[in-house]
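Novice: The sequence isn't on hand, but the structure is:
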């Protein structure tokens, strides 16, 4: 991660309860750049206009669950690391989401600040590593194409 430019971690936090949004902002505003959304619809709009590193969403929301929201953005916004936050024990649903790669981690409410910060830091490291792997794969593909071109040119001469 040392060769990736360190920037302030940008988090989109989605929760239908304003008090939870305010608590999250108050707790983490000095450490991270925070975007807040009260609904999945609002979150999609924010994602369309902002590059974020981490998306954290509550599971139980009135119009769309957190898992449904994360599923809906997975293909259009695959880069952000997805974290689910729940006050309820939906263990089978959460385990399936972990197994299927939909979410990176889940936390239960109420959350513990230092643990949450560790999860965010680890999620950002994962984000950076994935970005680096993607860059290296692209570089390897270009090198392979250059090698193939060079080999064809050598065969023609």
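Specialist: Noted; the coordinates are in hand. Quick caveat: nothing in here was measured; it's all calculated off a predicted structure.

Novice: what sits against residue 126?
Specialist: Counting by CB atoms under 8 Å, 6 or more residues apart in numbering, residue 126 touches 81, 104. C-beta here means a position set from N, CA and C on the backbone, and glycine is covered the same way.

Novice: Can you check my assumption that it lies in a helix?
Specialist: Yes. Counting by DSSP: H, G, I helix; E, B strand; the rest coil, residue 126 falls inside a helix.

Novice: I'd like the distance from it to residue 54, if you could.
Specialist: According to CB to CB, to the nearest Å, residue 126 and residue 54 sit 9 Å apart.

Novice: intersection of neighbour lists for these two?
Specialist: The contact sets of residue 126 and residue 54 overlap at residue 81 (CB under 8 Å, 6+ apart).

Novice: mind listing the helices for this protein?
Specialist: Listed in chain order, the helices of the chain (DSSP state H) span 18-28, 40-49, 66-73, 91-99, 113-156.

Novice: Give me whichever of those helices is most buried.
Specialist: With neighbours defined as mean count of other CB atoms under 10 Å, those peak in mean count at helix 66-73, which reaches a mean of 20.
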